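Asker: have a look at this prediction, sequence included:
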Number of protein chains: 2
Amino acid sequence: MATRTAAEHRAEARRAYDAYLAGCPARQLLDRLSDKWVTLVLNALADGPRRYAGLSRKVAGVSQKMLTQTLRTLERDGLVSRTVTPSVPVRVDYALTPLGESLLPVVAAVKEWADGHIEEVEAARAAYDG
Amino acid sequence: MATRTAAEHRAEARRAYDAYLAGCPARQLLDRLSDKWVTLVLNALADGPRRYAGLSRKVAGVSQKMLTQTLRTLERDGLVSRTVTPSVPVRVDYALTPLGESLLPVVAAVKEWADGHIEEVEAARAAYDG
DNA sequence: CCGTATCCAAAAGGATACTG
DNA sequence: CAGTATCCTTTTGGATACGG
């Protein structure tokens, strides 16, 4: 039996990790949800459908590229619906799907926690830095 | 009064956005929480304190660099405590602080949602791609 | 109005080597 | 055991220009 090098050990560990990821889609989904634009866009759709320009205003500072990219991903994942009205100019409405609605309370809770505990966090930072 | 160029408009909008961010620390905190390693490490500490190596095993695939960086940030933000026992070799324990405990249900809910809805998301993706 | 396409700078993050 | 330091690749994401 051949001696195994450290590099071979590492390569094997990495394959095992990749396999685990492939076999655990929930981990990948968790990574997806851990995106700031996802959280912000879902929260922006909390109180009803919005048009593209409306979202762009609500989620201040988001670039066209990131907004479109995030919306496409959310649509593909079944969290957001996209409705095109073929007027001139075209009108596009985004809304939470039932699946997206089921996620909303969760991401809203994250936002609320941030709102409610920012002062404690800042105090901790000041203590740590000082 | 001078005519304002498009570039100047953009620059002003960007300053306004930056100012808003500076005045809204909750937004920055939300961005922090929207980090996959943060979610994973906090969940890894859910059932009690863990040592560095233990966390490294639990959060499979995390590099030393990212684990240390995440732990330092969480410690600075007051979410995780770091306890050094000066034995030989040294022993370091990480645990959730009360503040971290208050956040745990929220991030645990995100994880649970991912676990419970991954099949629906994958079905949506298949429908979107097909 | 609602995007897409491209380029490019900045940041994230893994690999590796080394230390108390 | 629990890191730190460095290099270097990959990814992210903003700016800009253009199209249906």
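Answerer: Looks like it came in fine.

Asker: any idea how far A:Y128 lies from chain B?
Answerer: A:Y128 sits 4 Å away from chain B, taking CB to the nearest CB, to the nearest Å as the criterion. Heads up, the C-betas are built off the backbone N, CA and C, glycines and all.

Asker: roughly how far apart are that residue and A:V92?
Answerer: Distance from A:Y128 to A:V92, counting by CB to CB, to the nearest Å: 46 Å.

Asker: more neighbours: which of these two?
Answerer: Set A:Y128 next to A:V92 and count neighbours by other CB atoms under 10 Å in any protein chain shown: A:V92 wins out with 15 against 12.

Asker: you'd agree the more buried one is in a strand?
Answerer: Yes. Counting by DSSP: H, G, I helix; E, B strand; the rest coil, A:V92 is found in a strand.

Asker: can you pull the contacts of it?
Answerer: Taking CB atoms under 8 Å, 6 or more residues apart in numbering or on different chains, we find A:V92 in contact with A:51-52, A:82-85.

Asker: I'd guess A:T39 is in a helix, am I close?
Answerer: Yes. Remark: A:T39 belongs to a helix, assigned using three-state DSSP.

Asker: I figured it hits A:A109, correct?
Answerer: No. Taking contact to mean CB atoms under 8 Å, the distance of 10.8 Å between A:T39 and A:A109 leaves them out of contact.

Asker: which one's more surrounded, these two?
Answerer: Summary of the neighbour comparison: A:T39 and A:A109, criterion other CB under 10 Å, with A:T39 having more neighbours (24 against 16).

Asker: state the distance from the more buried one to A:G116.
Answerer: Here the criterion is CB to CB. By it, A:T39 lies 16 Å from A:G116.

Asker: after the helix or strand harbouring A:L71 comes which helix or strand?
Answerer: Take DSSP states H and E as the rule and A:L71 turns out to sit in helix A:64-76. Elements were assigned by DSSP H and E; along the chain past helix A:64-76, the next helix or strand is strand A:80-85.

Asker: and that following strand, what's buried?
Answerer: When neighbours are counted by 16 or more other CB atoms under 10 Å in any protein chain shown, the buried residues of strand A:80-85 are found to be A:80-81.

Asker: anything in the helix or strand harbouring A:P105 near DNA strand D?
Answerer: Element membership of A:P105 [criterion: DSSP H and E] is helix A:98-129. No. Using CB under 7 Å from any atom of the strand as the criterion, no contacts between helix A:98-129 and DNA strand D are found, and the smallest distance is 13.3 Å.

Asker: tell me which helix or strand of chain A sits lowest on mean pLDDT?
Answerer: Within chain A, judged by mean pLDDT, DSSP states H and E, the helix or strand with the poorest mean is helix A:6-23; its value is a mean of 44.
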